[in-house]
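Q: Just need the structure, nothing else, for what follows:
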Amino acid sequence: MEPRAIAILGATGSIGTTTLAVVRAHPTLLRVAGLAAHSRWRDLIGPVKEFQVKTIALADPAAAAAARASGDFPGVRILEGTAGLTEIACLPEVHTVVSAVVGTAGLAPTLAALHARKHVALASKELLVLAGKFVTAAARAGGTTLLPVDSEHNAIHQLLRGKERSEIARLVLTASGGAFRDMPLAELARVTVAQALQHPNWNMGPKVTIDSATMANKGLEVIEARWLFDLPESRIDVVVHPQSIIHSLVTLTDGSLQAQLSPPNMAYPIQDCLLFPRRLPCPAPQLNLAEALALTMSPPDPARYPCLTLARAAAVAGGTAPAIFNAANEVAVEAFVAGRLPFTGIPELVRQTLAALGAREPNALDEVLAADGEARRTASRLAPSLAR
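A: All right, here's what the predicted structure looks like:
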């Protein structure tokens, strides 16, 4: 059997590099057909040589030009821009596309991949938050599978296999609680970017790590779960689980709960997506049940995590409200990282942006993108009033 060909959008990020580790562990089953990144072309030199990749793409045209001029990619086609990422996602030989581009830049390539009947391992939760209506419709139309890479959604995907819809009562997403889960509330206004980036369990990119500290990421995941599993927000719960060993639970109609456990290592959900439906040894440490293992769970504190409450409200409002939430949060996190906004200003900026803009039901993807742009402009206008 020929190895399954994959394309990685966001190849230089943490998801991309972990994906390559999974491919490395299963060389007879997986191969890399294409790699795409934003601008870090030097980080592609090693993987291109190791996996003998013949086509790459860089979203930044200047980076693509530098890569071509470098002489480090002999015999490799170097594409650029959104069109280049889209071509990587639609290469004829590709079976599965790993969509791990941060933010909305991966939307067009991901939709194109679905229309081209590629299976998509989705790591960018923003795409379903922004355009879940259109992404899921494209998957249905193409008869392809959306495979969730997020550890929580992948856990649910595993737990639901072989179950009838009538058996499912509720979904339960677990949350680590982020860097400040035990900090006194009065101190949150003074925390630094460096502190926010010290996630206790996971090694992730800056945006996702800060979203974990505010629990905006869990709010996004509630919206994502609504689209992936076709359940309303009211049937999706969140619990704080500091150990990040239980990745999600499913409550069955008889009242029993089933959970998926594994160490906090993204190799597990990524491998599940790439080899689905097969199970093979994973290149990551396993749980050692011969050692003491403490697992605790508690409800999230709304005063500590207002972004979660705001995201739930956006999920209930529907339409363009989730896109507004996502865009405002991205602007707020960027302002916090740049030192222009206190940590507690992140949820406040999101709240003010949602209040300023009314949600509406989009009939076309352009309307969602317009709402995204309007939310970014509004948040940028409001941010100075919340400055440090």
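Q: Quick check: the most far-flung residue of the chain relative to its centre vs Leu44, distance?
A: Relative to the C-alpha centroid of the chain, counting by Cα atoms, centre = their mean, Gly71 is the outermost residue, at 33.4 Å. Note on Gly71: its distance to Leu44, by Cβ to Cβ, to the nearest Å, is 14 Å. No exception for glycine: its C-beta is placed from N, CA and C like everyone else's.
Q: How about Asp150?
A: Taking Cβ to Cβ, one finds Asp150 at 25 Å from Leu44.
Q: Check Ser385 too.
A: 42 Å.
Q: same thing with Gly339?
A: Taking Cβ to Cβ, one finds Gly339 at 31 Å from Leu44.
Q: Equivalent analysis for Val53, please.
A: 8 Å.
Q: ok, back up a step: neighbour-wise, which of Ser385 and Leu44 wins?
A: Counting neighbours by other Cβ atoms under 10 Å for Ser385 and for Leu44 shows that Leu44 has the greater number, 25 against 10.
Q: these two touch, right, that one and Gly16?
A: No - here Leu44 lies out of contact with Gly16, judged by Cβ atoms under 8 Å, at a distance of 9.7 Å.
Q: Mind listing the shared neighbours of the two?
A: 35, 37 (Cβ atoms under 8 Å, 6 or more residues apart in numbering).
Q: Mind pulling up the pLDDT for Val102?
A: Val102 carries a pLDDT value of 77.
Q: if I pick it, what's in contact with it?
A: Taking Cβ under 8 Å, 6+ apart as the contact definition, Val102 lies against 10, 13, 124, 126, 205, 207.
Q: same deal with Pro206?
A: Listed by Cβ under 8 Å, 6+ apart, the contact set of Pro206 reads 197, 337.
Q: and the gap between it and Thr353?
A: 21 Å.
Q: With Gly46 instead?
A: Gly46 is 41 Å from Thr353, by Cβ to Cβ.
Q: Looking at those two now, which is surrounded by more residues?
A: Thr353 (27 against 11).
Q: In this structure that one contacts Arg381, no?
A: No - with contact defined as Cβ under 8 Å, Thr353 and Arg381 do not form a contacting pair (9.3 Å).
Q: which stretches of the chain form strands?
A: 4-9, 30-37, 55-58, 77-80, 96-99, 119-122, 146-148, 168-175, 236-240, 246-252, 257-261 (DSSP state E).
Q: Check which helices and strands the fifth one is in contact with.
A: Applying 3 or more Cβ pairs under 8 Å, 6 or more residues apart in numbering; DSSP states H and E, we find strand 96-99 packed against strand 4-9, helix 14-25, helix 107-115, strand 119-122, helix 267-275.
Q: Take it, keep the C-alpha atoms, and write them as CSV.
A: Provided in CSV are the C-alpha atoms of strand 96-99 (Å, rounded to 0.1, in the frame of the first residue of the first chain):
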residue,chain,number,x,y,z
THR,A,96,-5.1,14.7,4.0
VAL,A,97,-4.4,18.4,4.6
VAL,A,98,-3.2,19.5,8.1
SER,A,99,-4.7,23.0,8.4
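Q: Name the strands paired with it and say parallel or antiparallel.
A: strand 4-9 (parallel), strand 119-122 (parallel) (DSSP bridges).
Q: And the second one, by the same measure?
A: For strand 30-37, the paired strands and their directions (DSSP bridges) are strand 4-9 (parallel), strand 55-58 (parallel).
Q: between those, which one is nearest to Pro283?
A: strand 4-9 (15.6 Å; Cβ to Cβ).
Q: now the angle between helix 267-275 and that closest one, please.
A: Interaxial angle of strand 4-9 relative to helix 267-275 (axes from the mean of the first three to the mean of the last three Cα atoms, to 10 degrees): 120 degrees.
Q: mind listing what Ala89 touches?
A: Contacts of Ala89 by Cβ under 8 Å, 6+ apart are 7, 9, 34, 36, 97, 99, 109-110, 112-113, 116, 118.
Q: tell me the two of those residues that are most distant?
A: Farthest pair in the contacts of Ala89, by Cβ to Cβ: Ala36 and Ala116, 15.1 Å.
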